[in-house]
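J.: next one to model:
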Amino acid sequence: MPTTPPSLDAATYADLRQAVGDDALPVLLGRFRQQLVDWSVTGEPQALGAAAHGVIASSGLIGFVRLSRLCAALEAACQAGNLEDVRDLARQVLAEKAVAEAETTRLMALG
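T.: Okay, here's the model as predicted:
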């Protein structure tokens, strides 16, 4: 049975912090958080899949592995036109998106 990845992979986040530095990190986190806040995780499948695609890379870069994987699955379900899977994955993405928003806010506060 596969294990569930953590919401935030600490090693990936540490690598990003080292790569971009402490000055640029809050900017990246702020942009990512705004991307999440602006996304309502609703709409017709084509638009929803496109929006999910945009979150895959940014969430993966920061270390939100579970959100990235769920968005990839949501994008695939949207492309396949499986509305039942789309609804189920959209609910999962919405929950994980809330976790990522809160964690991003916490990381930004830490500086």
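J.: from now on I want contacts and neighbour counts done on CA atoms only, so please keep to that.
T.: Noted.
J.: got any ranges where the protein has weak pLDDT?
T.: Scanning the chain for pLDDT under 70 picks out 1-5.
J.: and if we set it to 90?
T.: 1-7, 42-43, 110-111 (pLDDT under 90).
J.: let me see the ranges of the strands in it.
T.: Counting by DSSP state E, the chain forms no strands at all.
J.: all helices for it, in order.
T.: 10-38, 45-62, 65-80, 83-110 (DSSP state H).
J.: quick one, the first one and helix 45-62 angle?
T.: Right, the one you point to is helix 10-38. For helix 10-38 against helix 45-62, the angle by axes from the mean of the first three to the mean of the last three CA atoms, to 10 degrees is 140 degrees.
J.: and if you look at the last one?
T.: With the same axes, to 10 degrees applied, the angle from helix 83-110 to helix 45-62 works out at 40 degrees.
J.: buried residues, helix 83-110. List them.
T.: 85-87, 89-90, 92-94, 96-97, 99-101, 103-104, 108 (16 or more other CA atoms under 10 Å).
J.: name the helices or strands packed onto that helix?
T.: Using 3 or more CA pairs under 8 Å, 6 or more residues apart in numbering; DSSP states H and E, the elements in contact with helix 83-110 are helix 10-38, helix 65-80.
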